[in-house]
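>>> build me a model from this:
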Amino acid sequence: MAFLASLRDAYTDVTSRAKRLKKFAEDSKAQMLAGPVSANLIKQILEICIQTKAANQATAVLPNIVTYAEVQEGAGYDVSAAWTAMNSAIDGVGAQVLSDVPTGTGSFRLVETWTASGVVVRTFTTAQTANLRNTLDTLIASID
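The predicted structure is shown next:
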């Protein structure tokens, strides 16, 4: 019975993680639509995508997790297709962030300016985040 509890816990974790990711994506998109956003938000989006993808990969290798998920969701639900779509959308968001944030020498991202009077964090306008918002829409749509 402990093994089943492990699968149950893992499946609960992955579904909860997906719901949190969807909410974060929705909130981030709303912030971008409301006006300029700090590079810190863009960085956070990338970090959360990286962390979520790593956790998803750890869950995916559990023996029988797909079978367990299919039993929980019922006939007709293609767990593998949904899983692939969500993880592809996560990858897409990460790739879009890397594409949208300017790169300096040595692949360092240009997100801050340091001066004698302080650090200025770059901001991105609503127009500059249009592609990222579209990619977030794909991610949001991949999670029910």
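
>>> residue closest to the middle of the protein?
Centroid-nearest residue in the chain: residue 49, 3.3 Å away (criterion: C-alpha atoms, centre = their mean).

>>> so which strand or helix has that residue?
helix 39-60 (DSSP states H and E).

>>> I'd say residue 21 and residue 139 touch.
Yes - counting by C-beta atoms under 8 Å, residue 139 is a contact partner of residue 21 at 7.3 Å. C-betas here are computed from N, CA, C, even on glycine.

>>> out of the two, which sits in the busier spot?
Taking neighbours as other C-beta atoms under 10 Å, residue 21 and residue 139 compare with residue 139 leading, 28 against 24.

>>> who are the contact partners of the more buried one?
21-22, 25, 86, 89-90, 92-93 (C-beta atoms under 8 Å, 6 or more residues apart in numbering).

>>> how close does residue 6 sit to residue 63?
10 Å (C-beta to C-beta, to the nearest Å).
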